[in-house]
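>>> no sequence on this one, just coordinates:
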C-alpha cells in the first residue's frame with residue numbers, strides 16, 4: 001500500500017532533497033510539492049493524501065494556518081511539521097493546530113522517515129532537540145485544546161499578509177474578498193490587539209508564529 005505525501009516548503013532545493021529521501025522508501029510517493037500554505041490547502045483538496053510534511057514559515061499562508069484549514073476539511077491527513085524554529089510559539093502552534101509530528105530541519109533523513117511512520121500509526125513524534133521546557137506547556141492538552149486566539153482565522157491570515165508587506169488591494173485579490181472587507185479586518189485586528197502601526201502588527205505576527213524574519 002502506497003503512502004501519498006505532499007511536501008510544503010518555500011525552498012526548492014530543500015524540497016528536492018526531501019523528495020530523494022522519501023522516494024527511497026518503497027511505499028512512499030511524493031505526489032505534490034508546494035511553496036506556500038495556500039497552495040498546500042488547494043492540493044490537499046484535490047489529491048488523495050496521507051501525510052503532509054509542512055514547513056511553518058511560508059509566504060501568503062503559514063504552516064500553522066494551513067494545517068488548521070487542511071485538517072478542518074480532512075481530519076484523517078497526518079501533518080508533520082519540519083521547521084528551523086524550536087520556539088514555543090511555533091511548536092505549540094503547530095501541535096495545537098493538529099500536527100502529529102514536529103521535527104527540526106537539521107534532523108537526519110532517517111528521523112524524518114521514522115516520524116512519518118509514527119504519525120501514520122496515529123502517534124505523536126517530537127524531535128528530541130525540542131526542549132522539555134517547551135513541551136511542558138501543552139503535553140496532555142494536545143487532543144482536546146482548540147486553537148485559541150484574540151483573532152479569528154481569517155484575521156490571522158490578513159495579519160500575516162500585512163506583516164509580509166502586502167497592500168490592501170493585494171490582500172483582497174489573494175483572499176478573493178473586497179477591499180472594504182480587508183479594511184474591516186484590518187480595523188478589527190488593530191482594535192483587538194490595541195496596536196496601531198504596521199511595525200507593531202509585524203512584531204506581533206512574528207512573536208505569535210504567524211510569520212518570520214526569514
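Done, it's in. This is a predicted model, so every value here is computed, not measured.

>>> helix or strand right after the lowest-mean-pLDDT helix or strand in the chain?
Of all helical and strand segments in the chain, the minimum by mean pLDDT, DSSP states H and E falls on helix 132-135, at a mean of 56. Downstream of helix 132-135, the first helix or strand assigned by DSSP states H and E is helix 153-163.

>>> so which residues make contact with that following helix?
60-62, 65, 68-69, 149, 151, 170-171, 174-175, 182, 185-186, 188-189, 192, 198, 201-202, 204-206, 210-211 (C-beta atoms under 8 Å, 6 or more residues apart in numbering). Quick note: C-beta positions are derived from backbone N, CA and C, even for glycine.

>>> show me where pLDDT drops low in the chain?
131-149, 213-214 (pLDDT under 70).

>>> residue ranges of each domain in it, please.
3-135, 153-207 (automatic domain parsing).

>>> any idea which of those is most buried?
Neighbour counts (mean count of other C-beta atoms under 10 Å) averaged over each of the domains of the chain peak at domain 3-135, with a mean of 19.

>>> geometric centre of this protein: which residue is closest?
residue 63 (1.3 Å; C-alpha atoms, centre = their mean).

>>> chain neighbours aside, what residue packs nearest to that one?
Spatial nearest neighbour of residue 63, chain neighbours left out: residue 56 (3.8 Å); criterion: C-beta to C-beta, 6 or more residues apart in numbering.

>>> and what of residue 64?
Going by C-beta to C-beta, 6+ apart, residue 64 has residue 93 as its nearest residue, at 4.4 Å.

>>> quick one: secondary structure of the residue nearest to residue 63?
Under DSSP: H, G, I helix; E, B strand; the rest coil, residue 56 falls in the coil class.

>>> next: residue 128.
Relying on three-state DSSP, one would call residue 128 coil.

>>> ok, now how distant is it from residue 92?
17 Å (C-beta to C-beta, to the nearest Å).

>>> same question for residue 101.
Taking C-beta to C-beta, one finds residue 101 at 14 Å from residue 92.

>>> how about residue 58?
The value you get for residue 58 to residue 92, if C-beta to C-beta is used, is 18 Å.

>>> what residues does the longest helix along the chain touch?
Of all segments of type helix in the chain, defined using DSSP state H, the longest is helix 179-193. For helix 179-193, the external contacting residues (C-beta under 8 Å, 6+ apart) are 150-151, 154-155, 158-159, 162, 168-169, 171-172, 175, 195-196, 201, 204.

>>> what's the farthest-apart pair in the residues you listed?
Across the contacts of helix 179-193, the longest distance by C-beta to C-beta is 26.0 Å; it joins 150 and 169.
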